[in-house]
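1. got a predicted model here, sequence first, then my questions.
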Amino acid sequence: MQIYIETENLILRSFSEADVLGIYELDSDPEVHAYLGGNPIGTIEEAKYIVNKIRKQYEQNGIGRWAVLLKETGEFIGWSGLKLVNDATVNGRTNYYDLGYRFIKKYWGNSYATETARVALDYAFGDLGCVEVYATTDARNHASNRVLEKVGLKKIESFYEDGIQQYFYKIEKEDWLTMK
Ligand SMILES: CC(C)(COP(=O)(O)OP(=O)(O)OC[C@H]1O[C@@H](n2cnc3c(N)ncnc32)[C@H](O)[C@@H]1OP(=O)(O)O)[C@@H](O)C(=O)NCCC(=O)NCCS
C-alpha cells in the first residue's frame, strides 16, 4: 500500500526510511509525550524501530499511520491517520480502526491535526470500507479531545490506563457522511 494524498497545506504519504530523523525529533520530545505515557525515545535506533514497525503494519494490516509533510517546504511535521489495533486490547476492545495524530511541537496550533483527521476519516469510510472508527485520548489532552470533537467523533466511554483517565471516542460511517 503506497499512499500519497495532498490537502490544502499538507502531504500525507506512506512512511519511508527517510523519515527516521523526523520521528526522532518528534518522539524524543517530552512535551509531545506528555499525554502519551511520558516515555519519549532517546536514540535514533528507537526511531528506526518505529518507522519499521509502521511499515510492517502497512504490509500486515493494509493500513498504518501516515507521514505528514508541509506541502510548501516538504518538511516532515509528524504523523496522522489510521491504525488497526490488533496487537493490544484498549478499553476491552481489539481489532478496530483507531484514528490518531502526533506532530512536532513547533507545528501545533495550525489545524493540521484537524485537516489530516478529516482525510483519514474519508479514507476509512471510503477505500478501507470501515463502518466505524474509534480513538483514545488522555482526558487531560484538551487539544486532542477538541480535534476529535471537531471532526465528529463522540465520547462514548471513559476508562483508566495505568491510573490515568482516558476517553474513548467513536464515529460511524453514516454520521461522517451526514456531517460532511
Ligand atoms: C494533539 C495535537 C495533535 C493537536 O494538533 P494541532 O494541529 O495543534 O491541532 P488543531 O490545530 O487541528 O486543533 C487543536 C484544537 O484544540 C484547541 N486547543 C489546543 N490546546 C488546547 C488547550 N490546552 N485547551 C483547550 N483547547 C485547546 C485548539 O484551539 C484547537 O481547537 P479550535 O480549532 O476549536 O480552536 C498536537 O498537540 C500534538 O501533536 N500533541 C502531542 C501528541 C498527542 O498528544 N497526540 C494525540 C494523542 S491522542
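-> Perfect, I can see it now. Numbers count the residues shown, from 1 in each chain.
2. what is the burial count for S80?
-> Counted with other CB atoms under 10 Å, the neighbours of S80 add up to 26. (C-beta placed from N, C-alpha, C; glycine too.)
3. for I104, same thing?
-> Count around I104 with other CB under 10 Å applied: 18.
4. who touches it in this structure?
-> Contacts for I104 (CB atoms under 8 Å, 6 or more residues apart in numbering) come out as G22, E25, L26, D29, V32, F76, I77, G78.
5. kindly report the same for Y112.
-> If you count contacts by CB under 8 Å, 6+ apart, then Y112 has N9, L10, V68, I77, G78, S80, Y101, F103 around it.
6. excluding its backbone neighbours, what's nearest the first one?
-> Right, N9. K71 (5.6 Å; CB to CB, 6 or more residues apart in numbering).
7. around the one you found, how many other residues sit close by?
-> There are 12 residues near K71, going by other CB under 10 Å.
8. swap in T137?
-> Residues near T137, counting by other CB under 10 Å: 23.
9. which elements pack onto the top helix by length along the chain?
-> Secondary structure of the chain per DSSP state H: the longest helix is helix 44-61. Counting contacts by 3 or more CB pairs under 8 Å, 6 or more residues apart in numbering; DSSP states H and E, helix 44-61 is packed against helix 20-27, strand 76-85.
10. repeat the analysis, applying 6 Å as the threshold.
-> helix 20-27 (3 or more CB pairs under 6 Å, 6 or more residues apart in numbering; DSSP states H and E).
11. up against the ligand, what does the chain have?
-> Residues of the chain lying close to the ligand (CB under 6 Å from any ligand atom) are 32, 35-36, 100-103, 108-114, 137, 141-144, 146-147.
12. can you tell me which of the residues you listed end up in strands?
-> G100, Y101, R102, F103, T137 (DSSP state E).
13. what's the most distant pair in these?
-> Greatest spatial distance in those: F103 and T137, 14.3 Å, computed using CB to CB.
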